[in-house]
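Trainee: the sequence and its predicted three-dimensional model are supplied below.
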Amino acid sequence: MISALYDSPATIERNRFKYKSLSSWALNLFMGCAHGCRFCYVTETSIKYQQGLLESYGVTDPVADWGNYVLVRPWDRKKFMTSLRKAERTPVSQLNADGNRAVFLCSTTDPYQTIRNPDAAKQKLLNELARQTLRNALEAIRDYSTLNVRILTRSPLARQDFDIFKSFGNRLLLGTSLPTLDETLRKLYEPSVPHPNQRLKLLLDAHKAGIPTYVAVAPVFPEVGYKGMLDVFKAVKAAKPHTIFMEPVNLRLGIAERIARNAEKLGVTMDMSIYDGGPKWVEYAIQSLKDAEKAAKATRQLDRLHLWPDHEALGSKKAIRTQPDPEAYAAWLQSYWDRVSEWPGKK
């Protein structure tokens, strides 16, 4: 793995999410991610905006090498506080209506990950710096602003910060990504990520500790199906998530190739035609969204369900036109695009 200290410090930046209802700002602590999930869309951003920079650190192919590089953003209190004050002063009228005035950790990486380095001393230093930057940032947001915080992680390491999470009260939501409970699918799609049961336990323990939770059943893989999704919805119910987000696998640069390579490595035969962006993908995506509604209804959590239909692929004129009832389909999509996710204490 290529890991190093990056010269650009961690600051709060406006995000550009569309129809996600996750946050108004993002705080990214790293460039790159050790989890290296095969379906991750962030590599597309790396190619567009950061390829030259990554090459200077020895990353020759940001797409193929995804999961094998992590640049740690340092802590610069002056710059962080400047970004925090700017966010705090931003009028609500200038923010996205579905952002809950929240800072999202993180939008392009995981805030809790183990950084590896061939030099044991450097590895220890990078992990310590990353942890301290995270705590410094959370404490500053808590003490010097009225902003909310949304954390999303695939790592049970988040448990080490339960103390600071609790100190936020209703201003912080902790969530985990849990697309499946199937260990075989985890090895295929997210092989470097902790077991689903560990993530589920993190969510349940957070709820028991009084920390408000949510869950992202995302992205749901084609092999999961209704039964697999129902298992997830049943499992997370005990954590009383404020919102259950869900989306199918989105098609982005390099995703199909990474999935196919890992399937071949594991000796798994897959139907890759779903990933060509054609009618099969649209059919799978819509069915997955419908299955999520069915699973949410079966577990009495439909009022918490927030689907993420892709506005470009599923909301295209072609996709709408091919549905049995185009008008009803378009209205169904719009109902989720207009949805604002729940926040504890919010009326």
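Mentor: Perfect, I can see it now. Computed from a prediction, not measured in an experiment: that's the story for all the values here.

Trainee: model confidence over stretch 205-224, on average?
Mentor: The average of the pLDDT scores along stretch 205-224 is 96.

Trainee: can you check the distance spanned by it, start to finish?
Mentor: End-to-end span of stretch 205-224 (Cα to Cα, to the nearest Å): 25 Å.

Trainee: what comes up buried for it?
Mentor: If you call a residue buried by 16 or more other Cβ atoms under 10 Å, then stretch 205-224 has these buried ones: 205-207, 211-224. In short, each C-beta sits where N, CA and C put it, glycine included.

Trainee: cool, stretch 194-204 as well?
Mentor: 194, 196, 199-204.

Trainee: who touches it?
Mentor: 153-156, 158-159, 174-178, 180-183, 186, 213, 215, 235-236, 238-239, 241 (Cβ atoms under 8 Å, 6 or more residues apart in numbering).

Trainee: among the residues you listed, which ones are in helices?
Mentor: Counted as lying in helices by DSSP state H, out of those, are 183, 186, 235-236.

Trainee: any of those buried? List them.
Mentor: 186, 235-236.

Trainee: could the ones in helices among the contacts of stretch 194-204 go into TSV alongside distance to residue 65 and pLDDT?
Mentor: Converted to TSV, the ones in helices among the contacts of stretch 194-204 look like this (distance: Cβ to Cβ, whole Å; pLDDT from 0 to 100):
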residue	distance to residue 65	pLDDT
183	26	91
186	21	90
235	33	98
236	33	98
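
Trainee: make TSV out of those and add distance to residue 255.
Mentor: Output for these, formatted as TSV (distance: Cβ to Cβ, whole Å):
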residue	distance to residue 255
183	21
186	17
235	26
236	25
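
Trainee: what number of residues are in the vicinity of residue 16?
Mentor: Using other Cβ atoms under 10 Å, residue 16 is surrounded by 9 other residues.

Trainee: got phi/psi on residue 305?
Mentor: phi -80, psi 130 (degrees, to the nearest 10).

Trainee: bridging residues for it?
Mentor: Residue 305 has these beta-bridge partners by DSSP bridges: residue 244.

Trainee: for residue 154, see how far away the nearest residue to residue 6 once chain neighbours are set aside is.
Mentor: Closest residue to residue 6 apart from its sequence neighbours, by Cβ to Cβ, 6 or more residues apart in numbering: residue 71 at 3.8 Å. In this view, residue 71 and residue 154 are 19 Å apart by Cβ to Cβ, to the nearest Å.

Trainee: one more: residue 187?
Mentor: Distance of residue 187 to residue 154, given as Cβ to Cβ: 14 Å.

Trainee: who has more neighbours, those two?
Mentor: Higher neighbour count among residue 187 and residue 154: residue 154, with 25 against 16, using other Cβ under 10 Å.

Trainee: confirm residue 281 sits in a helix?
Mentor: Yes - assessed by DSSP: H, G, I helix; E, B strand; the rest coil, residue 281 belongs to a helix.

Trainee: skipping its backbone neighbours, what lies nearest it in space?
Mentor: Using Cβ to Cβ, 6+ apart, the closest residue to residue 281 is residue 274 (5.3 Å).

Trainee: residue contacts, that neighbour?
Mentor: Counted by Cβ under 8 Å, 6+ apart, residue 274 has contacts 222, 280-281, 284.

Trainee: show me just the buried residues among the residues you listed.
Mentor: Buried among the contacts of residue 274 by 16+ other Cβ under 10 Å: 222, 281, 284.

Trainee: how close does the last one get to residue 224?
Mentor: Distance of residue 284 to residue 224, computed by Cβ to Cβ: 10 Å.

Trainee: tell me the mean pLDDT over stretch 238-258?
Mentor: 86.

Trainee: for the chain, which helix is longest?
Mentor: Counting by DSSP H, the longest helix found in the chain is helix 120-144.

Trainee: next, residue 105: phi, psi?
Mentor: Dihedral angles for residue 105 - degrees, to the nearest 10 - are phi -120, psi 110.

Trainee: what's the closest non-adjacent residue to it?
Mentor: residue 111 is the one closest to residue 105 (Cβ to Cβ, 6+ apart), at 4.5 Å.

Trainee: isn't the one you found right up against residue 153?
Mentor: Yes - using Cβ atoms under 8 Å, residue 111 is in contact with residue 153, at 5.8 Å.

Trainee: neighbours of residue 327, just the number please.
Mentor: Neighbour tally, residue 327, other Cβ under 10 Å: 9.

Trainee: in a helix, it, correct?
Mentor: Yes - applying three-state DSSP, one finds residue 327 inside a helix.

Trainee: measure it to residue 321 for me?
Mentor: 11 Å.

Trainee: ok, now residue 229?
Mentor: Distance from residue 229 to residue 321, by Cβ to Cβ: 28 Å.

Trainee: wait, isn't residue 180 in contact with residue 228?
Mentor: Yes - Residue 180 is within contact range of residue 228, at 5.6 Å (criterion: Cβ under 8 Å).

Trainee: out of those two, which sits in the busier spot?
Mentor: residue 180 (23 against 19).

Trainee: ok, and the closest non-adjacent residue to the most centrally placed residue in the chain?
Mentor: The centre of the chain sits closest to residue 152, judged by Cα atoms, centre = their mean, with a distance of 5.7 Å. Excluding the flanking residues, the one nearest residue 152 by Cβ to Cβ, 6+ apart is residue 175, at 4.8 Å.
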